[in-house]
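**Q** Have a look; sequence and predicted model below, questions after that.
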Amino acid sequence: MTRLPKLTCLLLLSGCLSISAAGCSDDDSNPSACAGHLLPGDLVITEIMPNPQGADEGKEWFEVYNATTASIDLKDLRLVYSGADGTNRKTHLVSGGLIGPGEYMVFGGMLDVAKPAYVDYGYGSSLGTMTNSGGRLALECGNTVVDQVVYLEAADGVSLSFNGNLVPDAVANDTLASWCDSQTEFEAGSFGTPGAANDPCGPVVPPGTCLEGGVSRDTVPPAAGTVIITEFMADPSAVGDTAGEWVELHFTQAADLNGLQLGAVVGTVQHTVSDATCIPVAAGGYVLLARNADPAANGGLPTVDAVWPNLALSNTGGGIFVGYGGTVLDQVAYTDPMVQTGASASLDATALDVTQNDDPAAWCVGTAVYGAGDRGTPRAANPSCGGAPQDTCLDGGTPRSILPPQAGDLVISEIMADPAAVNDTAGEWFEVYFDQAADLNGLQLGTAAPTVAFTVTGADCIHVTAGSYVLFARNGDSGANGGLPTVDVVYTGINLANAGGNIFVGFGGAVLDQVAYTDPMVSPGESAALDPGFLTTTGNDTPANWCNGTTVYGLGDRGTPGAANPSCGIVPPNSCLDNGTPRSIVPPVAGDVVINEIMPDPFAVADNAGEWFEVYFAQAADLNGLEMGATVGTVAFTATSADCIHVSAGTYAIIAKNGTTATNGGLPQVQVEWAGMSLSNSGGSLFVGYGGNLLDAITYPSAGTPQTRGRAIALDPSHRNTTDNDTAANWCLAATTYGDGDSGTPGAANPACP
């Protein structure tokens with residue numbers, strides 16, 4: 001539970017005179033460590049009964065869960081009870097006992113010889129009496145706090161219970177909203193689940209009913225023979241067992257999961273799926289039960305239908321059963337050879353039967369990679385175990401060999417990293433062109449080769465023909481993904497960065513194509529589209545061969561997902577488009593280019609919006625390819641554009657950090673908008689060049705004082721040449737107001753300096 005502000009309390013001013021007299025502690029030894037050598041989170045406090053029905057003395061208890069994969073020796077574990085603010089601390093050292101992995105143990109405030117059947121260990125009166133209006137419970141191993149919770153008001157005869165829909169966790173149980181009153185009556189007038197999984201927190205519904213759309217209805221129980229255990233992961237490799245274990249069920253008839261009983265040994269129910277909301281399963285559906293529902297923690301599993309919090313599958317053989325109302329629906333006894341590290345045990349697709357799955361020969365090792373790299377087909381149909389399942393798929397129900405793509409057969413051709421019509425998690429996508437026919441089964445995707453983030457899986461063959469543009473997206477629902485056309489593959493675990501990143505496609509561990517896209521290629525609401533003239537695995541490596549999508553699709557974003565891209569109008573090297581017609585760039589010539597005015601410290605707008613400098617061109621030239629920077633020889637930015645950026649002889653060109661008049665302080669037309677450099681307010685240098693050759697460079701004085709803010713530094717027109725502008729005395733502060741109130745003559749001749 002969450003920590004609270006200090007409660008009003010009476011501080012105990014005098015020390016404990018004796019254990020028997022004050023009841024403060026029986027922790028005389030104060031060991032440096034307990035026998036289990038526990039770490040934070042190994043044990044989790046999951047349920048507290050501070051206010052039993054009737055008199056509290058000798059009837060209080062609390063429950064602890066073993067969150068590890070091994071049995072824990074509890075000798076010298078310190079139980080601690082205090083006020084919610086930590087005052088009036090009382091302790092007890094556990095004399096001994098074991099708690100198995102995934103098991104619960106109940107500690108009670110009574111003598112061990114007088115404990116009821118639901119209490120596993122009695123600590124007597126060592127902890128005193130729990131207050132009904134709030135307190136703090138903690139578990140300590142030497143100086144290590146293994147877990148601690150603070151509780152508030154407790155109802156009479158009702159335990160405080162950590163949400164049974166959540167995996168017991170020493171961090172999650174710090175959240176007050178994750179606790180609620182228990183709903184199960186474990187003895188007359190008392191409610192709780194001591195020693196067992198907790199009730200879920202949520203609306204209370206009558207037994208045998210659930211809420212569908214907020215309306216109560218009877219649950220639909222599964223019938224005998226209609227629920228089949230089809231796959232399980234006992235020994236994940238990508239994550240630990242306690243996070244990555246799972247079981248898959250196949251339903252041949254429609255039913256609800258509500259009330260489904262789960263366990264390892266027939267007759268001993270470990271967990272019952274209990275939820276106020278109906279959890280329906282369609283006929284033919286595959287259901288995933290997992291120890292953890294978070295794909296970031298469970299190895300990248302698809303949607304988990306129900307959490308089995310105390311699931312603990314032995315790696316050396318064991319059992320699984322599912323039932324309903326005390327009747328066993330299916331059970332499987334598995335052996336050591338069926339369990340392999342990082343791979344599921346998968347029932348042959350031809351053996352979907354509660355009798356046939358009893359035969360170990362009907363099972364094989366999962367081979368399709370999912371999530372973070374483990375193998376199996378969770379929540380999907382299994383492949384056949386005959387032949388080489390990793391190399392086959394079902395074509396019209398008949399197994400055949402997968403047709404993998406070869407190097408050079410596919411090209412990443414379009415990327416939408418920053419949709420505008422919907423958010424990134426719904427609208428991101430990318431497109432891959434297939435030059436040759438292939439199957440997508442087994443195709444590997446990721447953002448950092450060779451680390452695979454997602455693998456395309458499916459028992460059925462996912463075939464694409466030669467010349468196809470295949471669409472991969474984070475969301476396959478056209479109503480939620482911005483109106484995309486049919487999505488061929490819905491992926492998880494991949495986020496396309498808006499500030500530039502990578503995407504790769506591979507098969508069998510080999511990278512078939514990858515693209516490193518840059519920030520300029522990403523524009524909100526517009527895809528990065530490869531020019532069709534460069535549709536090769538080498539042509540898409542050049543950022544200049546990409547442009548932003550212009551064709552509107554769906555809800556208004558731009559691109560051609562799943563279809564050929566239009567031409568980007570890419571021009572030959574050293575050329576630009578003059579009214580759409582390519583021509584050679586006219587480069588500026590040394591001596592004809594003079595840095596004439598500079599605004600390092602605007603006042604009307606911020607520096608990152610209003611910085612600019614002006615360059616005088618004595619002869620006509622194109623600015624395409626113009627280089628600039630603060631240190632001569634180190635180019636910070638190069639002017640690039642498919643269209644010719646032409647200036648006439650006698651032109652004063654404005655080069656600015658922001659080309660938008662409404663936000664840059666009111667500058668007139670900006671010829672070049674730069675990125676990647678800033679003008680220092682405390683003085684600095686500036687140069688322009690072309691093709692690696694210096695055209696002009698200046699060193700300017702400090703402009704960061706109240707007298708200079710918002711005033712450009714202007715070259716006297718009588719010294720407008722590349723030699724005289726090296727002399728500080730030939731410059732002065734501008735006095736002519738422009739735009740939003742700053743001073744300077746951007747884009748025009750400077751007045752004479754006083």
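**A** Thanks, I have it. Numbers count the residues shown, from 1 in each chain.

**Q** which residues in the stretch 301-450 of the chain form helices?
**A** Using DSSP state H, counting those that start in this stretch, the helices found in the stretch 301-450 of the chain span residues 424-427.

**Q** Run through it and note the low-pLDDT ranges.
**A** 386-390 (pLDDT under 70).

**Q** Tell me which stretches of the protein form helices.
**A** 19-22, 241-244, 424-427, 607-610 (DSSP state H).

**Q** and the gap between A729 and C753?
**A** Taking Cβ to Cβ, to the nearest Å as the measure, A729 falls 9 Å from C753. In short, each C-beta sits where N, CA and C put it, glycine included.

**Q** Between these two, which has more neighbouring residues?
**A** More crowded of A729 and C753, by other Cβ atoms under 10 Å: C753, with 17 against 9.

**Q** so what's that one up against?
**A** 714, 716, 730-732 (Cβ atoms under 8 Å, 6 or more residues apart in numbering).

**Q** Counting neighbours, which of these comes out on top?
**A** Busiest of these [other Cβ under 10 Å] is A714, holding 26 neighbours.

**Q** Quick check: bridge partners of that one?
**A** E597, C732 (DSSP bridges).

**Q** Am I right that it is in contact with G744?
**A** Yes - here A714 reaches G744: they are 6.7 Å apart, a contact under Cβ atoms under 8 Å.

**Q** Residues that sit against both of these two, list them.
**A** Joint contacts of A714 and G744 (Cβ under 8 Å, 6+ apart) are 597, 734.

**Q** residues contacting D541?
**A** 515-516.

**Q** can you tell me how far it sits from Q514?
**A** When D541 is compared with Q514 (using Cβ to Cβ), they lie 9 Å apart.

**Q** With G476 instead?
**A** 24 Å.

**Q** So for those two, which sits in the more crowded spot?
**A** Legend: neighbour count by other Cβ under 10 Å for G476 and Q514, higher for Q514 (19 against 15).

**Q** my read: that one touches I503, true?
**A** Yes - assessed by Cβ under 8 Å, Q514 is found in contact with I503 at 6.7 Å.

**Q** tell me which residues of stretch 51-58 are tucked away?
**A** Across stretch 51-58, burial judged by 16 or more other Cβ atoms under 10 Å covers 51-52, 56, 58.

**Q** Any idea how far that stretch is from the middle of the chain?
**A** 46 Å (Cα atoms, centre = their mean, to the nearest Å).

**Q** what's the answer for stretch 570-581, then?
**A** Distance, centroid of stretch 570-581 to centroid of chain: 42 Å (Cα atoms, centre = their mean).

**Q** what sits up against that stretch?
**A** Residues from elsewhere that reach stretch 570-581 (Cβ under 8 Å, 6+ apart): 531, 533-534, 544-545, 547, 569, 582-585, 622, 624, 641-646.

**Q** Need the buried ones from those selected in ChimeraX.
**A** To isolate the buried members of the contacts of stretch 570-581 in ChimeraX, using 16+ other Cβ under 10 Å:
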select :531,534,545,547,585,622,624,642,644,645,646
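
**Q** so of the contacts of stretch 570-581, which ones are in strands?
**A** Among the contacts of stretch 570-581, DSSP state E puts 547, 582-584, 622, 646 in strands.

**Q** Rebuild those as JSON lines, extending it with distance to G427.
**A** Below are those laid out as JSON lines (distance: Cβ to Cβ, whole Å):
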{"residue": "C547", "distance to G427": "20"}
{"residue": "P582", "distance to G427": "35"}
{"residue": "R583", "distance to G427": "39"}
{"residue": "S584", "distance to G427": "41"}
{"residue": "D622", "distance to G427": "38"}
{"residue": "H646", "distance to G427": "38"}
